[in-house]
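In: would you be able to build a 3D model of this:
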Amino acid sequence: MNDVQSLLLQVISAALFDKKVPDVAADLLMPLVDESKAQAVYPLAFSVLDSQLQEKLTAEQYNECSEEFFRYAIAGTQNFSEHSELHELMTANKMPYVAMKGLASARYYPEPNLRSMGDVDFLLSKENVSQAGKLLESIDFKVDHGEEDDGIHIAYTRPPMSIWELHHSVNGIPNNEVGELIRAEMDKTIPTAEVAEVDGSTCRLPDKLHHGLIMLLHTASHLTSEGVGLRHLCDWVVFASTLSDAEFRETFEKELKRFGLWRFAQALTLLGIRYLGAPNRVWTLEAVESHKLDDAMLEGLMNDILSGGNFGTKDMNRYREIKYISDRSEGTVGKSGGILRQGFKAMNDKVRRDYKTLGKHKALLPVGYFAEGGKYLGLLLAGKRKSSNTKQMLKEAAERKRLYSALNLFK
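Out: Numbering: from 1, shown residues only. Next up is the predicted model:
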């Protein structure tokens, strides 16, 4: 963690939990602004730093920061409004649904409008996907990309800047026995949803149990692939901090232990307590006292979150590291031993997916390796991929896998 990242954590702590605002040196303000954008927490940072930015930056720099904040504010206001539009459309057509992630997370922030907002994500049952798509098309939306991406959502866009993602399942559910248990629970998300008003927007949002599960699944999915930014951690921490120790245990402990997500919830909450000034929670202490989550482990996780940025935007190597870390066939951290063994398994799985004829014959798999290598070389030559230090990438992949394996995800 560098000085700028450390300052950003103090700034976000001030925004979320009313902690002391750090006095930032003038030469660190713009790097701090850039870091907050990479971590998708710029509105929070600006709200705390506004006076310092105005005092210590040039007029041109401050105007740039101020205009950027208002762009976020306009996008957020539009997003809130579109959640109400979604609610009216679905309610008028008697379509059971629930909005998730964005507005559902903003609901728990001290100032909901400071949670940066992008898409409108909503969940409905698979049998209603076709009808819901027609409803969206009736209000000028068109399909941007479909289920071929992940098999669980279709993205619709409408000029000038609307993006609605229609989900019939939740991202991050592993394809194993534990995943089946989670899927059965997530099927209850829509029936248990509640109508709520958030900063003037009315929408159906998940109850506490299902909102928490969606966040943990979403965060685990991105953490073990391209990476998550600080915003994902903030979403979890502000939510967990609204529940007392007794309420959190009653709501989550049994289910999270059953799903192999209890230690992960403890880890994220401890990061919030240690680095963001969130209130202490007794239910996290057992993981510390048993040394399952020690200081080095928590520091490693915090550095991992900060080094990747929102969806890995700070380090494109993270996309290459995925095959050495995660088992895409199960949707969780790979079980195939070391990173090279995991890498070979990932490559075999990719060849079987992309070259079905080759995949049917084990002896022909190496032909697929050459084909994938040729494809990658072509992307390098076309400038669509950047060359990188493979030795360093493997080292980072090994460290990431060690960290994630210690979380016992879905075990």
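In: tell me how many other residues surround L16.
Out: Counted by other CB atoms under 10 Å, the residues lying close to L16 total 24. Using the backbone N, CA and C atoms, a C-beta is placed for each residue, glycine as well.
In: so it sits against V238, correct?
Out: Yes: contact criterion CB atoms under 8 Å: L16 and V238 qualify, at 5.8 Å.
In: tell me, what's touching these two both at once?
Out: Contact criterion CB atoms under 8 Å, 6 or more residues apart in numbering; residues shared by L16 and V238: 109-110, 278.
In: by neighbours, which of those wins?
Out: Neighbour tally across the shared contacts of L16 and V238 (other CB under 10 Å): the maximum, 22 neighbours, falls on A278.
In: how about that residue: what's its closest non-neighbour residue?
Out: Excluding its sequence neighbours, the residue lying closest to A278 (CB to CB, 6 or more residues apart in numbering) is G272, at 3.8 Å.
In: so what's the one you found up against?
Out: 233, 236-237, 240-241, 278.
In: K411: how many residues sit nearby?
Out: Neighbour tally, K411, other CB under 10 Å: 13.
In: returning to that earlier point: would CSV of the contacts of G272 with pLDDT be doable?
Out: Output for the contacts of G272, formatted as CSV (pLDDT from 0 to 100):
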residue, pLDDT
L233, 95
W236, 97
V237, 97
A240, 96
S241, 96
A278, 96
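In: max pairwise distance over those residues: which two?
Out: Farthest apart among the contacts of G272 by CB to CB are L233 and S241. That separation is 12.0 Å.
In: okay, these two: which has more neighbours?
Out: The neighbour count for L233 versus S241, taken as other CB under 10 Å, is higher for L233 (26 against 21).
In: pretty sure that one sits against L306.
Out: No: counting by CB under 8 Å, L233 stays clear of L306, with 9.6 Å between them.
In: one step back: give the buried residues for the host helix or strand of the residue nearest to A278.
Out: G272 belongs to helix 262-276 when assigned by DSSP states H and E. Neighbour counts over helix 262-276 (16 or more other CB atoms under 10 Å) mark 262-273, 275-276 as buried.
In: where does the chain have low pLDDT?
Out: For the chain, the stretches flagged by pLDDT under 70 are 147-150, 309-394, 397.
In: in stretch 182-193, which of the residues would be classed as buried?
Out: Judged by neighbour count (16+ other CB under 10 Å), stretch 182-193 contains these buried residues: 182, 186, 189-190, 193.
In: can you list contacts of it?
Out: By CB under 8 Å, 6+ apart, the residues outside stretch 182-193 that reach it are 96-98, 100, 123-125, 169-170, 173-174, 204-207, 209-210, 213-214, 217, 255, 259.
In: so which of the residues you listed belong to strands?
Out: Within the contacts of stretch 182-193, residues falling in strands by DSSP state E are 98, 100, 123, 204-205.
In: of those residues, which is the nearest to E299?
Out: In terms of CB to CB, no member of the ones in strands among the contacts of stretch 182-193 lies closer to E299 than M100, at 30.8 Å.
In: the closest one: how many residues sit nearby?
Out: 26.
In: check the protein and tell me which residue is nearest its centre.
Out: The centroid of the chain falls nearest to T219 when counting by CA atoms, centre = their mean (4.3 Å).
In: contacts only, for the closest residue to it other than its chain neighbours.
Out: In space, and not counting its chain neighbours, T219 is closest to H232: 4.8 Å by CB to CB, 6+ apart. Going by CB under 8 Å, 6+ apart, H232 touches 215, 218-219, 222-223, 305, 310.
In: again with L293
Out: Neighbouring residues of L293 by CB under 8 Å, 6+ apart: 263, 266-267, 270, 287, 406.
In: of these, closest to L53?
Out: Nearest to L53 among the contacts of L293: L270, at 31.3 Å, using CB to CB.
In: surely the closest one touches A287?
Out: Yes: counting by CB under 8 Å, L270 does reach A287; the two are 7.2 Å apart.
In: returning to what we had before: I figured the residue nearest to the centre of the chain hits V237, correct?
Out: No: T219 is beyond contact range of V237, at 11.1 Å (criterion: CB under 8 Å).
In: which residues do these two both contact?
Out: L268.
In: I'd say S241 and P279 touch.
Out: Yes: using CB under 8 Å, S241 makes contact with P279 at a distance of 5.7 Å.
In: any residues in contact with both of the two?
Out: Any residue near both S241 and P279 by CB under 8 Å, 6+ apart counts here, and that gives F17.
In: list the buried ones in the lengthiest helix in the chain?
Out: Across the chain, the longest stretch assigned as helix under DSSP state H is helix 59-92. Within helix 59-92, the residues that count as buried by 16+ other CB under 10 Å are 61-62, 65, 69, 72, 76, 79-80, 82-87, 89-90.
In: the stretch 101-250 of the chain: strands as residue ranges?
Out: Using DSSP state E, counting those that start in this stretch, the strands of the stretch 101-250 of the chain run over 120-123, 142-145, 153-158, 162-167, 194-198, 201-205.
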